[in-house]
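1. predicted model and sequence below, questions to follow.
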Amino acid sequence: MSDGAAPAASHGAGPAPADDHVEKLGPTELRDPLIRQELKKASVWLGLAVALLAVGAILALPVTPALELLDPLRDLAGNYGLRLDRELGYLCLFAGDVLLIAGSLLPGI
């Protein structure tokens, strides 16, 4: 009995379409030369910020064993009339945070 309905198309009948999709480099792809260059710049700022935060944490929150690690820095700063004290520790903590924020917000840093 034919009721005039069209026959259903069978799946998989015929060749599959060619896949011409090519992946472009994304913003986090490390093989891109521009991304590598920016990553080098960012690593300098990140390293400086982490160093400031570490020194600031040691000075602001006096950790006695860690203070001995800063003796060479204390001698170097003393030549320029700088004292490594709690106030400088808080200033280093603030400067480290500012560098991290500026590095994430400003392009080219």
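-> Now that the structure is in, tell me what you want to look at. Please read these numbers as outputs of a predicted model, since none were measured by experiment.

2. does His21 count as helix, strand or coil?
-> Each residue gets one of three states, and His21 gets coil by DSSP: H, G, I helix; E, B strand; the rest coil.

3. list the residues that contact it.
-> When the contact criterion is C-beta atoms under 8 Å, 6 or more residues apart in numbering, His21 has no partners at all. Glycine gets a C-beta too; all of them are placed from N, C-alpha and C.

4. ditto for Glu23
-> With C-beta under 8 Å, 6+ apart, Glu23 has no contacts at all.

5. would you mind measuring from it to Tyr80?
-> 53 Å (C-beta to C-beta, to the nearest Å).

6. could you pull out the strands for the protein?
-> Counting by DSSP state E, the chain has no strands at all.

7. where does it dip in pLDDT?
-> Along the chain, the model assigns pLDDT under 70 to residues 1-18, 25-28, 107-109.

8. helices of that one, start to end?
-> With helices called from DSSP state H, the chain shows them at 33-60, 64-69, 71-78, 86-105.

9. tell me what the longest one is packed against?
-> Secondary structure elements in contact with helix 33-60, counted by 3 or more C-beta pairs under 8 Å, 6 or more residues apart in numbering; DSSP states H and E, are helix 64-69, helix 86-105.

10. tell me the most buried of those helices?
-> helix 86-105 (a mean of 15; mean count of other C-beta atoms under 10 Å).

11. now it, how far from the centre of its chain.
-> Relative to the centre of its chain, helix 86-105 is centred 16 Å away, using C-alpha atoms, centre = their mean, to the nearest Å.
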